[in-house]
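[1] Got a predicted structure plus its sequence, pasted below:
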Amino acid sequence: MSNKLLEIKNLSTSFRIGDDYYAAVDDVTLTLNKNEVLGIVGESGSGKSALAFSIMRLHNRAKIEGSILLNDQDIVDMSAANLNKLRGDDMAMIFQDPLTALNPLMEIGEQISEALLLHNPRMTQKQRKQRVIELLNLVGIPRPEFVYEQFPHELSGGMRQRVVIAIAISNKPELLIADEPTTALDVTIQAQILDLIRKLKEEMNAGIILITHDLGVVAEMADRVAVMYAGQIVEIAEVHTLFENPLHPYTKSLLNSVPTEGQDKLHVIQGIVPSLKNLPRKGCRFASRIPWIDASVHEENPVLHEVKPGHFVRCSCHTHFYFSEESKEAEKNGIS
Ligand SMILES: Nc1ncnc2c1ncn2[C@@H]1O[C@H](COP(=O)(O)OP(=O)(O)OP(=O)(O)O)[C@@H](O)[C@H]1O
């Protein structure tokens, strides 16, 4: 039996700005297996959320091209009715901010119960309440009977995120997308939530897409990592490979901007991800942020190359990349 859960092929998601469409997700191809965590990293504006929303088909007015197969069913062409069935049942999403994901006027228990009812209309009220308590227990909420009757504002941020997770897993989805699930939480609570997600993955045999800008979280949680820059995947590899042998200049810059023990200098990536309208439509999108690298080493239309089995990198510029500080250092030491 195939282990493949999700297969995305040549996915582009474009938004209309003025008279034209601009791709926030550009030609993304990736797969996710059952019981696997795929980390997606990249700076703000690199298209991580746009990709997640495309998979959940949550965009209102976007043009989506390519295919997204969940257990061989194409989500891109799916009717609204079938999508509604799929969402919350086969796939679910955990959002960054638990407060906005919950209804402030509804008791916690009722909110989880509603999610259950949507996909299990034959469940009796008693069965639902029993399952809600079970779910609250599963996500580590103490005194679930008491919390059942509380409102979101009566809980701490960590407890609220546990409730959001309880809703997301209420129907045992096969695909769980977590978009910066711990960003709004403090460090200790962050670790507990990540532990919980890991445990749930094992228990449900679910595939998880974990979106984060935190490389520490990725190192700890992910089996494979996709690095996104300006709407494109620039590198994808197993987590150890990516951390030990990063190839793309952007991946190297990201890793180099994280402080590590014994490192005296940090590399700061100059500039920001260009806005959608200002994205270069041709050539290497990272070229403008590494201007000291000769323009001729970039591909005209960069594609992903499989450099080792399962390790893909975009554009040939990676074979010529060095940090600008290295060149200054070399100059200073009389090396050219
Ligand atoms: N509905 C929309 N209409 C127009 N542009 C959009 C829309 N949604 C996202 N964008 C643009 O698409 C690009 C990618 O945004 P996205 O939110 O996916 O980035 P991100 O990597 O998730 O960033 P963050 O980490 O800040 O959430 C940005 O330039 C953003 O402004």
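    That came through, no problem.

[2] show me where the stretch 51-200 of the chain has helices.
    Ranges of helices within the stretch 51-200 of the chain are 80-86, 98-101, 108-119, 125-138, 144-148, 157-169, 187-204, based on DSSP state H, counting those that start in this stretch.

[3] need the contact list for the nearest residue to residue 109 once chain neighbours are set aside.
    In space, and not counting its chain neighbours, residue 109 is closest to residue 148: 3.3 Å by C-beta to C-beta, 6 or more residues apart in numbering. Backbone N, C-alpha and C define where each C-beta goes, glycine included. If you count contacts by C-beta atoms under 8 Å, 6 or more residues apart in numbering, residue 148 has them with 107, 108, 109, 129, 132, 133, 136.

[4] what pairs with the one helix or strand residue 307 maps to, and is each one parallel or antiparallel?
    Residue 307 belongs to strand 304-308 when assigned by DSSP states H and E. Looking at strand 304-308 with DSSP bridges, its partner strands are strand 311-314 (antiparallel).

[5] Which single residue of the stretch 151-300 of the chain ends up nearest the ligand?
    residue 276 (4.1 Å; C-beta to the nearest ligand atom).

[6] Give me the most central residue, this structure.
    In the chain, the centroid-proximal residue (C-alpha atoms, centre = their mean) is residue 211; its distance is 2.3 Å.

[7] thought that residue was touching residue 50?
    No. At 10.5 Å, residue 211 does not count as touching residue 50 under the criterion of C-beta atoms under 8 Å.

[8] Which residue, other than its chain neighbours, is closest to residue 21?
    Leaving aside its sequence neighbours, residue 21 sits nearest to residue 14 (C-beta to C-beta, 6+ apart; 3.9 Å).

[9] Count the neighbours of residue 145 for me.
    Around residue 145 there are 11 other residues, counting by other C-beta atoms under 10 Å.

[10] nearest residue to it other than its sequence neighbours?
    With C-beta to C-beta, 6+ apart, the residue lying closest to residue 145 is residue 133, at 6.5 Å.

[11] right, and that neighbour touches residue 141 too?
    No. Using C-beta under 8 Å, residue 133 is not in contact with residue 141, being 9.6 Å away.

[12] which one of those two has more residues nearby?
    More neighbours surround residue 141 than the other of residue 133 and residue 141, with 22 against 17 (other C-beta under 10 Å).

[13] Let me see the confidence value for the more buried one.
    pLDDT, residue 141: 91.

[14] again, but for residue 262
    Residue 262 is given a pLDDT of 60.

[15] swap in the one 3 residues further on?
    Model confidence at residue 265, given as pLDDT, is 61.

[16] For the stretch 151-300 of the chain, list the residues in contact with the ligand, please.
    For the stretch 151-300 of the chain, the contact set with the ligand under C-beta under 6 Å from any ligand atom comprises 213, 275, 276.

[17] at 5 Å instead, please
    residue 276 (C-beta under 5 Å from any ligand atom).

[18] contacts for the strand holding residue 307?
    Under C-beta under 8 Å, 6+ apart, the answer for strand 304-308 is 29, 233, 236, 241, 247, 312, 313, 314, 316.

[19] and if you look at stretch 43-57?
    Stretch 43-57 is contacted from outside by 6, 8, 11, 13, 24-26, 28, 40-42, 59, 62, 64, 68, 75-76, 78, 83, 87, 91, 93, 175, 177, 179, 209, 211, 213, 228-232, 254, 269, 272-273, 275, using C-beta under 8 Å, 6+ apart.

[20] Tell me the buried residues in stretch 149-163?
    150, 152, 155, 157, 158, 159, 160, 161, 162, 163 (16 or more other C-beta atoms under 10 Å).
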